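Asker: Here's a sequence, model it:
(chains A and B)
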Amino acid sequence: MSRLTILPALAFAIAATLSGVPAEAKKHNDNKNANVGAAIIGGLVAGAVIGAAVSDTKTHPKQIYVAPPPPPRAQPFSPKSGITCYPAQQACYRYDGAYNSNWTWKIYAH
Amino acid sequence: MRIKGTPVAAKTSGRAIALAVALVMAGVSTIALADDDRLDEAWADAVDGQEPILSDKQFARLNNLAFQAAVTKICDGYELDDAKFSEGLVDATSPAPEGMTDAEAEQWRTAVFFRLGTTYGLFLAEGNAASDDFCESAGELKADAEVPNVWQ
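Answerer: Numbers count the residues shown, from 1 in each chain, chains lettered A, B, ... in the order given. Here you go, the predicted model:
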């Protein structure tokens, strides 16, 4: 089982982009960029379909699942007074505030 | 002429009190309920129908990475540690689905990065709309030794 499928160099480039440093690793192709633009304008949700738009595959994109398709999303719940967790987003928020990494980690990411 | 304390006034006052009690018992506050800063409709548009390209645990780790990246744009005193972030991204997206062809692997990676970007953008919006709350949350993460962060 490969752990490094997201190549570290590519992940570093993403980090550099988010921190404002020009990325050294680029992988551009005008045709692929046009396909991505068309897919986004079409309002597609992230998934294999987006991926297919930027790959060279001519076949219908395979549904790539980490696990079997999940059951319908559960409703928000409160693990502790003042915290609301949203299963659909795998995220927790303070009841009257912002996204809370600490509780998100405890409930979903740990 | 009706004066205070008449049977009709007493009945009206009694009904109002009874209604208030009923509302409280039903869990409805007479004060406006607090709401979090989450952009509920935007998240619904972004993630409803999301294909399970990652597990819940992996999506959550991606959320934390995107949040921390957004914090560096909105809150003073935070800078991304690029090496920690990249390692965090590798960790959050491992293990990858097994048995993918090269083309499928590229599709999967693209979908993952698309979701990361979407999440980052939504946190930027939430953080800019309520920066005090957002930065307070960043401080809580920074102070928690049990939750990893990817800041310098």
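
Asker: Can you say which helix or strand has whichever residue of chain B sits closest to chain A in it?
Answerer: Nearest residue of chain B to chain A (C-beta to the nearest C-beta) works out as B:Q107 at 2.7 Å. From N, CA and C alone the C-beta is placed, and that goes for glycine too. Using DSSP states H and E, B:Q107 sits within helix B:102-129.

Asker: Then B:Q58?
Answerer: Assigned by DSSP H and E, B:Q58 falls in helix B:56-74.

Asker: need the next SSE after that helix, C-terminal direction.
Answerer: By DSSP H and E, the next helix or strand past helix B:56-74 is helix B:82-92.

Asker: Can you check what angle separates that next one from helix B:56-74?
Answerer: Orientation of helix B:82-92 against helix B:56-74 (axes from the mean of the first three to the mean of the last three C-alpha atoms, to 10 degrees) gives an angle of 160 degrees.

Asker: Does helix B:82-92 reach chain A?
Answerer: Yes. Shown here: helix B:82-92 in contact with chain A (C-beta under 8 Å from any C-beta of the partner chain) through B:D82, B:A83, B:F85, B:S86, B:E87, B:L89, B:V90.

Asker: Buried ones in that helix, by neighbour count?
Answerer: B:D82, B:K84, B:F85, B:S86, B:E87, B:G88, B:L89, B:V90, B:A92 (16 or more other C-beta atoms under 10 Å in any protein chain shown).

Asker: and what of stretch A:79-95?
Answerer: A:I83, A:T84, A:C85, A:Y86, A:P87, A:A88, A:Q89, A:Q90, A:A91, A:C92, A:Y93, A:R94.

Asker: now stretch B:143-152
Answerer: Buried residues in stretch B:143-152 (16+ other C-beta under 10 Å): B:V147, B:P148, B:N149, B:V150, B:W151.

Asker: and the spatially closest residue to B:A138 that is not a sequence neighbour, what does it touch?
Answerer: Leaving aside its sequence neighbours, B:A138 sits nearest to B:V71 (C-beta to C-beta, 6 or more residues apart in numbering or on different chains; 4.3 Å). Neighbouring residues of B:V71 by C-beta atoms under 8 Å, 6 or more residues apart in numbering or on different chains: B:Y78, B:G127, B:F134, B:C135, B:A138, B:W151.

Asker: now B:A130
Answerer: A:G97, A:A98, B:D37.

Asker: same check, this time on B:L116
Answerer: A:I14, B:L62, B:L65, B:A66, B:L89.

Asker: Kindly state the domain boundaries assigned to the chain.
Answerer: Using chain A here. A:1-69, A:77-109 (automatic domain parsing).

Asker: could you do chain B instead?
Answerer: When chain B is parsed with automatic domain parsing, its domains come out as B:1-34, B:40-143.
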